[in-house]
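Peer 1: sequence below, structure please.
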Amino acid sequence: MKTIKITVGKVKSLLESGKKIKVTTKNGEFVKITNYVDKGYLDTFKVTLDNGYQIKVSREHKFFTNVGWLETKDILPHKTKIYCDDSNYHVVESVENIGKFKIVDITVDSLDHSYFGNGMLNHNTGKSLLAAHVICDTQKKGGVAVIIDTENSAAPEFWKSLGVDLTNLSYIPCETVEEIFEQMEAIISIVRKSNRDRILTIIVDSVAGASTKAELEADHGSQGYATQKAIIISKAMRKITNMIGRQKILILYTNQLRQNLNAAMFGDKYVVSGGKALAFHCSVRVRLSNMGKLKKGTNIIGNKCKCVVVKNRMGPPQRKAEFDIYFDSGIADYSSWLNVLKENSIISGAGGNTPYTYKLDSGEKVNFLSKDFVSLMSTNPSLKAELYSKICDAVIMKYKDPNSAIVEGVEVESEEEESTDVSDE
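Peer 2: Residues are numbered from 1 along each chain as shown. Next up is the predicted model:
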């Protein structure tokens, strides 16, 4: 396969022309570039390594280092080492503020969101979007929303565009996992003293971005890092789970997927930062992946995503959903509703300029065009509730008496990994 070096600007022009581009990530794997992101003019830093590699990035840009993912602002010259495309860690010689420049980034179809740019292993992610939508829904229900940010990556204007009320949002920056759980306990105590029945949502974005007190006080060696973090989270989760178990409290953690190099043939290929305590205690675990980009003419305006429920104590697991994310407005919720309604024959009709038809439980019929679906859901709450119930029955499934019927047409799907060859695209 032929490989060439191109600039980020060239990536944009190739994507807009409909070309498929792949970039290298860890282990020499090629992953597809899914999007080009223009972040505007930001404070820019030039990072230089001892092997001569250089790159210009923002202060929040992430690199894979000898102590895990670090943002530019947290890099220590002559101490921090960045992983490079020669499979070695190289010492950072300097981090120089060079003023304000236009910053661009790319997103890749990689579960750990990593790619080599200018020879260094870089990171991108979009998991915070889901957290912003949860905040918005909590506020609409009259609840209290709190975000604990360990990545210093808050985007208030974007949250506002999604419908988040910034004046009623509690924002708490934290650096360590100890601080995260201390703040959680304090927040729960304060909210429950004023109102025991009010919905409370606490979002931690993200576990991977949090350090430990011992790590902050130590040098940049790797000894004990993962163990300390896992032990602290395990102890804290035992306390916090009992505290919230019988109350209207949601704690949502975002985290990064990392390849599990020791995975068995039928085991999970990925692990998460912070040990196994979170996976054990969580009621629901959701895994997001990018399926492709959305275009309007030559412009890329969003991404198509897939969500898989890999663990579920609230209902059957392994349910899947696909939805569109637009860069200027977030998740297109009702658009995915319409797709599910059509796929499961809950509504009938061809769409476009031809009306869809839905037969209510009462026997009456409702006709509507696809372009009117969003406004119909906003103005007819009883219809919305009925359609939502039908979607849940079709996608989530109801529990049944195991002795009530014989299930036919069930296939056994092998858990063996599929192997594919990377072609020259």
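
Peer 1: wait, is Leu338 part of a helix?
Peer 2: Yes - under DSSP: H, G, I helix; E, B strand; the rest coil, Leu338 falls within a helix.

Peer 1: quick check, it in contact with Phe373.
Peer 2: Yes - proximity of Leu338 to Phe373 meets the contact threshold set by Cβ atoms under 8 Å, at 5.4 Å. (C-beta placed from N, C-alpha, C; glycine too.)

Peer 1: common neighbours of these two, please.
Peer 2: Shared contacts of Leu338 and Phe373 (Cβ atoms under 8 Å, 6 or more residues apart in numbering): none.

Peer 1: what about Asn242, how many neighbours?
Peer 2: 9 (other Cβ atoms under 10 Å).

Peer 1: what segments of the stretch 1-150 of the chain are helices?
Peer 2: Using DSSP state H, counting those that start in this stretch, the helices of the stretch 1-150 of the chain run over residues 8-16, 128-140.

Peer 1: list the buried residues for the shortest one?
Peer 2: Looking back up the chat, that one is helix 8-16. Within helix 8-16, the residues that count as buried by 16 or more other Cβ atoms under 10 Å are Val11, Lys12, Leu15.

Peer 1: go on, the longest one?
Peer 2: Residues of helix 128-140 classed as buried under the neighbour-count rule (16+ other Cβ under 10 Å) are Ser128, Leu129, Leu130, Ala131, Ala132, His133, Val134, Ile135, Cys136, Asp137, Thr138, Gln139.

Peer 1: ok, and what's touching it?
Peer 2: Outside helix 128-140, the residues that touch it by Cβ under 8 Å, 6+ apart are 144-145, 147, 151, 153, 155, 158-159, 162-165, 168-169, 199, 201, 203, 205-206, 250, 252, 254, 286, 288, 325, 330-331.

Peer 1: list only buried entries from these.
Peer 2: Neighbour counting over the contacts of helix 128-140 (16+ other Cβ under 10 Å) leaves 144-145, 147, 151, 158-159, 162, 164, 169, 199, 201, 203, 205-206, 250, 252, 254, 286, 288, 325, 330-331 as the buried ones.

Peer 1: for my notes, confirm Glu215 occurs in a helix.
Peer 2: Yes - under three-state DSSP, Glu215 falls within a helix.

Peer 1: ok so Thr227 is a helix residue?
Peer 2: Yes - the assignment for Thr227 by three-state DSSP puts it in a helix.

Peer 1: for it, give its distance to Gly245.
Peer 2: Separation of Thr227 from Gly245 (Cβ to Cβ, to the nearest Å): 27 Å.

Peer 1: so which of the buried ones among the contacts of helix 128-140 sit within strands?
Peer 2: By the criterion of DSSP state E, membership of the buried ones among the contacts of helix 128-140 in strands covers 144-145, 147, 169, 201, 203, 205, 250, 252, 254, 286, 288, 325, 330-331.

Peer 1: hmm, back to that, would JSON lines of the buried residues of helix 128-140 with pLDDT and distance to His113 be doable?
Peer 2: As requested, the buried residues of helix 128-140 are arranged in JSON lines below (pLDDT from 0 to 100; distance: Cβ to Cβ, whole Å):
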{"residue": "Ser128", "pLDDT": "68", "distance to His113": "12"}
{"residue": "Leu129", "pLDDT": "68", "distance to His113": "13"}
{"residue": "Leu130", "pLDDT": "74", "distance to His113": "14"}
{"residue": "Ala131", "pLDDT": "80", "distance to His113": "16"}
{"residue": "Ala132", "pLDDT": "80", "distance to His113": "18"}
{"residue": "His133", "pLDDT": "80", "distance to His113": "19"}
{"residue": "Val134", "pLDDT": "88", "distance to His113": "20"}
{"residue": "Ile135", "pLDDT": "91", "distance to His113": "22"}
{"residue": "Cys136", "pLDDT": "88", "distance to His113": "24"}
{"residue": "Asp137", "pLDDT": "90", "distance to His113": "25"}
{"residue": "Thr138", "pLDDT": "93", "distance to His113": "26"}
{"residue": "Gln139", "pLDDT": "94", "distance to His113": "28"}
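
Peer 1: circling back to that earlier point, return the item of the ones in strands among the buried ones among the contacts of helix 128-140 having minimum pLDDT.
Peer 2: For those, the weakest pLDDT value sits at Gly330, with 79.

Peer 1: how close does it get to Asn255?
Peer 2: The value you get for Gly330 to Asn255, if Cβ to Cβ is used, is 20 Å.

Peer 1: got it, and Met377?
Peer 2: Remark: distance between Met377 and Asn255 (Cβ to Cβ) = 32 Å.
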